[in-house]
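> Just a sequence and a predicted model for now, questions to come.
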Amino acid sequence: MMEMFIRATGNISPQKTFGHVPFLNEPVEYFTNRLSCIEPDYKNFIDAKMIRRMSRIIKMGVAAATECLQEANVEMPDAIITGTAYGCLEDTGIFLTKLVEQKEEMLTPTAFIQSTHNTVGAQVALMLHCHNYNNTFVHRGFSFESALLDAMMLLSENEAKNILVGSVDEITNTSHTIINRMGLYKQIPSSNFALFSSNTKGTIAGEGASFFLLSSEQSENNYAQLDALTTFYKPKNINEIENQISDFLNYRSTSIDEIDLLITGKNGDINGDKIYEEINETLFKNKPLINFKHLCGEYPTATGFALWLAANIIKTKTVPSIAGKISVDNKLKKILIYNHYQNIHHSLFLISAC
């Protein structure tokens, strides 16, 4: 299989991650069941006239993609691939609200046009005047994984050398209220730093925009190597999950002993977290383990934040204390990310040092 490298990143999240600031040195604490992104000054990345016509998620996606390309020193990617589960929720809400209030008459098309899921990828292409391959995947909890798999196939088939891949999802007042009614979020707001000690049902809502420049070329500036990625759907039990993980590692001729760090998608929900806890007691007993959703919250494409975290850990050879107080003896060569979204969409990433 062709080698694939993460050349650059751009990440807007509820933490101070944008602008390549010190790596999670100043973690932000929230006392709520909803984490919103810390947004930059968009005038540094987007023309002021365009900003007025963009919704929040479009601005986040465009800024994260622009930062990624600037770091990689790539003006024109060979492809732009995005993954999103919710799309542009704010514009969707605006359009549907006006649809009702104005009784389906005299509707402006702008909100409808910008409510489609591929708006972020399209807007990035318009700004770059990029006419290359452009695709958006809307596969719920597999949206970002599907985008990455598409990019990996393009690279392995020599259809492209530099591919911009990203994940974007937002939470709005309306969507948060609807999902909260389903009991998916914590009913008693508390600190996100204490998320894993609550022992109650539900998690905290999150959002983010994470972009990566995936390249087939080796470079001293690369963050990490993306070795493999796989997904599996609705496993029957913990045994099937363990078999999937073992098969995935065997396919890459990697033993569990070679894994220096495990990153899990633990999110504070007492039911969903049992899966991670059982695996930690069996397959990965005594392995260094950290979590990430207390930093970004839970959303279908949160694995974009996890991949950003893993890539930075390998590049800096450090694990931020807020992610987990562990000792890795400065030998971070292989990281495995395991995440599941509502125990339906399960995914595995294998990342290694270049």
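Received, thanks.
> neighbours of Asn158, just the number please.
Other residues near Asn158 number 9, with proximity taken as other C-beta atoms under 10 Å. Where C-beta positions appear, they are placed from N, C-alpha and C, glycine not excepted.
> dump the residue contacts of it.
By C-beta atoms under 8 Å, 6 or more residues apart in numbering, Asn158 lies in contact with Ser216.
> Tell me the pLDDT of it.
Per-residue confidence (pLDDT) for Asn158: 93.
> With Asp329 instead?
At Asp329, the pLDDT value in this model is 64.
> same check, this time on Ser246
96.
> Wasn't it part of a helix?
Yes - under DSSP: H, G, I helix; E, B strand; the rest coil, Ser246 falls within a helix.
> Surely it touches Ile279?
No - with contact defined as C-beta atoms under 8 Å, Ser246 does not count as touching Ile279 (10.9 Å).
> When the two are compared, which one has more neighbours?
Taking neighbours as other C-beta under 10 Å, Ser246 and Ile279 compare with Ile279 leading, 20 against 13.
> Enumerate every residue touching that one.
238, 241-242, 245, 264, 338.
> In JSON lines: the residues you listed, plus distance to Lys201.
Below are the contacts of Ile279 laid out as JSON lines (distance: C-beta to C-beta, whole Å):
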{"residue": "Ile238", "distance to Lys201": "19"}
{"residue": "Ile241", "distance to Lys201": "21"}
{"residue": "Glu242", "distance to Lys201": "25"}
{"residue": "Ile245", "distance to Lys201": "26"}
{"residue": "Thr264", "distance to Lys201": "18"}
{"residue": "Tyr338", "distance to Lys201": "21"}
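> ok, and the most crowded of those residues?
For these, the largest number of neighbours (other C-beta under 10 Å) sits with Tyr338, at 26 neighbours.
> Buried ones in stretch 63-83, by neighbour count?
Neighbour counts over stretch 63-83 (16 or more other C-beta atoms under 10 Å) mark 63-69, 71-72, 74, 77-83 as buried.
> Just the terminal-to-terminal distance for it.
16 Å (C-alpha to C-alpha, to the nearest Å).
> cool, stretch 66-79 as well?
Start to finish, the residues bounding stretch 66-79 are 14 Å apart (C-alpha to C-alpha).
> So for it, mean pLDDT?
The average pLDDT within stretch 66-79 is 97.
> mind listing what the residue nearest to His117 when sequence neighbours are not counted touches?
Distances taken as C-beta to C-beta, 6 or more residues apart in numbering place Gly87 nearest to His117, at 3.7 Å, with adjacent residues excluded. Gly87 makes contact with 115-117, 119, 138 under the criterion C-beta under 8 Å, 6+ apart.
> Filter the residues you listed down to the ones in helices?
Counted as lying in helices by DSSP state H, out of the contacts of Gly87, are Thr119.
> Just the buried ones from the contacts of Gly87, in PyMOL syntax?
The PyMOL selection below is limited to those of the contacts of Gly87 classed as buried (16+ other C-beta under 10 Å):
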select buried, resi 115+117+119+138
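> what's the closest of the contacts of Gly87 to Lys334?
Val138 (31.1 Å; C-beta to C-beta).
> Skip the chain neighbours and tell me the closest residue to the closest one.
The nearest residue in space to Val138 (C-beta to C-beta, 6+ apart) is His117, at 4.8 Å.
> Now do the contacts for that neighbour.
For His117, the contact set (C-beta under 8 Å, 6+ apart) comprises 84, 87-88, 136, 138.
> Need the pLDDT of it.
Listed pLDDT for His117 reads 89.
> and what of Gly93?
With respect to pLDDT, Gly93 has a value of 85.
> And His129, by the same measure?
The score at His129 is 96. That number is its pLDDT.
> quick one: it from Glu75, how far?
His129 sits at a distance of 10 Å from Glu75 (criterion: C-beta to C-beta, to the nearest Å).
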